[in-house]
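K.L.:
sequence plus the predicted model coming up.
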Amino acid sequence: MNRTRPQGNRRFALLGATVLMAGSCVLASAAVADDGGGPLGVTVVAEGAAAAARVGALFYAEDAGKLAGAHFCTASVVESQGRDLIVTAAHCLGGDDGSGFVFVPGYRDGKAPYGIWKVRKSFLPAGWAKEQSEDSDIAFASLAPNAAHKNIEDVVGGNLFAPGTTTGASPVTVTGYPDTSERALTCTNRPAVHSSTQQRIECPRFSAGTSGSPWVNGHHEVVGVLGGHEQGGDTDDVSYSVVLGKEAAALYEEAGG
C-alpha cells in the first residue's frame, strides 16, 4: 500500500539505496561545542554520550513493530512543564495532528534502548500551517507516557529550548539520522547568518532523514533545528535552521514549555 510521507525534500524523502562505506565516518565522539575537544566541521557516528539519548528518530506508528530502515526524520527532547515534549521540523509532521507517529530516542541498529513513544499531539506555527513558510519550519509534539507511566524527560532528560540566541555565538553540535543509516551522525561547527530569519552550518553527510536534528550548544541549549531554507538545504554538506525568534518562543509556550 502506498503511503504519503509528510511534504518535504531531500532531508527525509526516501531516496535510492545508498551504501555508507566503512570508514566514511570516524568512529569517535564529537567535540563538545564550547570545549573545543575535537575538530570542527567533521561528521562522526554518535557514540554513547548521555545527551545523545535525547535525540531520536521519527517513525510512522505502523512501523513500530519493525523499525529497521523505516525512520524518516529526527527529533529531540526539550525541557517542558509536562516533561513530555520533543522538537522537530514542521515539514516532518506536515499537516498531521501527530498521532500517527512514534519517537524512538537513542535509536540504533533497529533497537529502541529507551522505548518507543507515541506522539499524542503536534504543535505547528501559524506561518507553517497557513502557507508552509520556510521561516516557520519548526514544530513541537507531546508524547504519551510509557507503560510504566513515566514521561520521556524522566527517562532520557531534555535540552533547554533557547530562542533568541545570537547566531554563531558559540559552536553547536548537530545530531541526526540519515535515512540510509541505522546510527545517528553528529558534527560540531559554528553556525553562520544566512539571512535575518535563517542560519546555516557546514557539516558533511547530513542527508535525507536529518530534518529536525537539534543544534545544541555547550550549555545543552537547542538554538536551531535542521530545516528552514529549502527544508534544510539541497546539499548534504550545508544545512539550515530558522532563527529561533518570537514565533518559536510562542509555539514552545503553547506546547507546554
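P.N.:
In hand now; what should we look at? Numbering: from 1, shown residues only.

K.L.:
could you find the closest non-adjacent residue to the spatially most central residue of the chain?
P.N.:
Centroid-nearest residue in the chain, with Cα atoms, centre = their mean: residue 213, separated by 2.5 Å. Distances taken as Cβ to Cβ, 6 or more residues apart in numbering put residue 176 closest to residue 213, at 3.1 Å, once the chain neighbours are dropped. Where C-beta positions appear, they are placed from N, C-alpha and C, glycine not excepted.

K.L.:
kindly provide the distance from the one you found to residue 164.
P.N.:
Distance, residue 176 to residue 164, using Cβ to Cβ, to the nearest Å: 23 Å.

K.L.:
residue 192 too?
P.N.:
With Cβ to Cβ as the criterion, residue 192 and residue 164 are 18 Å apart.

K.L.:
try residue 52
P.N.:
Distance from residue 52 to residue 164, by Cβ to Cβ: 26 Å.

K.L.:
how about residue 64?
P.N.:
Taking Cβ to Cβ as the measure, residue 64 falls 36 Å from residue 164.

K.L.:
who's more crowded, residue 176 and residue 164?
P.N.:
More crowded of residue 176 and residue 164, by other Cβ atoms under 10 Å: residue 176, with 31 against 11.

K.L.:
was I right about that one contacting residue 201?
P.N.:
No. At 11.7 Å, residue 176 and residue 201 do not qualify as touching, with contact defined as Cβ atoms under 8 Å.

K.L.:
this protein: helices as residue ranges?
P.N.:
90-93, 126-131, 152-156, 246-255 (DSSP state H).

K.L.:
what pLDDT is listed against the nearest residue in space to residue 146 that is not next to it in sequence?
P.N.:
Nearest residue to residue 146 in three dimensions, chain neighbours excluded: residue 115, at 5.3 Å (Cβ to Cβ, 6+ apart). For residue 115, the pLDDT comes out at 96.

K.L.:
equivalent analysis for residue 39, please.
P.N.:
At residue 39, pLDDT is 89.

K.L.:
now swap in residue 18 and tell me
P.N.:
34.

K.L.:
which sections of the stretch 51-200 of the chain are below the confidence cut-off?
P.N.:
Within the stretch 51-200 of the chain, the stretches with pLDDT under 70 are 51, 95-96.

K.L.:
what do you get if the cut-off is 80, keeping everything else the same?
P.N.:
Low-confidence segments of the stretch 51-200 of the chain, defined by pLDDT under 80: 51, 94-98.

K.L.:
so where do the strands sit in it?
P.N.:
Along the stretch 51-200 of the chain, counting by DSSP state E, counting those that start in this stretch, strands occupy 55-60, 73-78, 85-88, 101-105, 117-123, 139-143, 160-161, 172-176, 185-189, 192-193, 198-202.

K.L.:
closest one to residue 225 among those?
P.N.:
Nearest to residue 225, of all those, is strand 85-88, at 5.8 Å by Cβ to Cβ.

K.L.:
pairing partners for the closest one, with directions?
P.N.:
strand 73-78 (antiparallel), strand 139-143 (antiparallel) (DSSP bridges).

K.L.:
in CSV, list these along with distance to residue 244.
P.N.:
Formatted as CSV, those follow (distance: least, Cβ to Cβ, whole Å):
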stretch, distance to residue 244
strand 73-78, 11
strand 139-143, 12
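
K.L.:
right, I'll leave it there.
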